[in-house]
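Enquirer: Just a sequence and a predicted model for now, questions to come.
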Amino acid sequence: TDKLPSRPEIFDFHGVSMTHYFTDNWENIQNFQARPDDILIATYPKAGTTWVSYILDLLYFGQTERQEVVPIYDRVPFLEIIISSYSGKDLVDNLPTSPRLIKTHFPVQFVPKSFWEQNCRIIYVARNAKDNAVSYFHFDRMNNIQPEPGDWTDYVHRFMGGKVAFGSWYDHVNGWWKKKQTHSKLHYMFYEDLVEDTGREIDKLCCFLGLSRSDEEKKRVTDGVHFDNMKKDNMANYSTNSIMDFKISPFMRKGKVGDWKNHFSEAQSEQFDEDYEKKMTDVTLQFRSEI
Ligand code: A3P
């Protein structure tokens, strides 16, 4: 059996906290050749990447045999990941389908320039900071290629300081939000909206992508990507993945808005909010931490 990759250290990479699993292929990634019809799904980790990847996969390709045998992380490859011979970029280069659906967690300034030159459609998914932090904490506990999260109290401070893989949540969501002003083919969406009304968000996605799908088809997608369905679908729930320990925490953990209330103490929450106000000064970008 394969040896488990070891837990990485965080280091500063062009001003962003990163780990080597996402920077080792840097040159190749920066030289990546995008195609005009490529669709990039960009997120801060744990904002709903897999959910939106699955929605897009179903919208474009429907329920095919591929759905039943190829895990979502190979259908929608994670561009910058490299774990010895497993390379997201190679997976993208070998994708048999068109359009290619590509996932990235890069902050906007790290995105290979070809995506902008080719004027690709980009979907950014954002999630409220507190739930995002909770989800990331549990993910770091169970995922062997993520840095050790330590205990929750330490973790919250590290999250606030941006000392987690892919850097500061605050910089990430703000950086991508600003990009929306100059790149018209950027659809910025929120995890909370998806939870509130998945069908409505799928309609908006279809509109952005220029897809016409019948009500029946859209309903099939909406039902297919329900949390309970994805949780039990081995091609969507990451259970085929050997770097994660599901005894510690499942990948499809809760899928809720407001789970942060079960983790933050009152004092932690107050401190977090105070710091948040200082960092999130753009009033046009608003998150909901409950619905
Ligand atoms: P929780 O840890 O809060 O449960 P990503 O795909 O970006 O890694 O995000 C994972 C988070 O999205 C997890 O959050 C996961 O449960 C949630 N998620 C995945 N599929 C979902 C779905 N169909 N509905 C709601 N939440 C979903």
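Expert: Cool, got the structure. In this text the structure is predicted, and so the values were computed from the model without any measurement.
Enquirer: Poorly predicted segments of the chain, please.
Expert: By pLDDT under 70, the low-scoring segments of the chain are 1-2.
Enquirer: need the strands for it, in chain order.
Expert: Residue ranges of the strands in the chain, as given by DSSP state E, are 11-13, 16-18, 39-43, 82-83, 86-87, 101-104, 121-126, 186-190.
Enquirer: Listing partners with orientation, what would you give for the second one?
Expert: It stands for strand 16-18. The partner list of strand 16-18 in its sheet, established with DSSP bridges, is strand 11-13 (antiparallel).
Enquirer: Around the ligand, pick out the residues from the stretch 151-291 of the chain.
Expert: Taking C-beta under 6 Å from any ligand atom, the part of the stretch 151-291 of the chain that reaches the ligand is made up of 225, 227, 230, 252, 253, 254, 255, 259. No exception for glycine: its C-beta is placed from N, CA and C like everyone else's.
Enquirer: tally of neighbours for the first one?
Expert: Translated: residue 225. 24 (other C-beta atoms under 10 Å).
Enquirer: now swap in residue 265 and tell me
Expert: One way to gauge burial is a neighbour count; for residue 265, by other C-beta under 10 Å, it gives 11.
Enquirer: And for the residue nearest the centre of the chain, nearest residue in space, chain neighbours not counted?
Expert: Centroid-nearest residue in the chain, with C-alpha atoms, centre = their mean: residue 49, separated by 3.3 Å. Closest residue to residue 49 apart from its sequence neighbours, by C-beta to C-beta, 6 or more residues apart in numbering: residue 43 at 4.4 Å.
Enquirer: Contacts only, for the one you found.
Expert: Neighbour list for residue 43: 49, 52, 103, 105, 124, 125, 126 [criterion: C-beta atoms under 8 Å, 6 or more residues apart in numbering].
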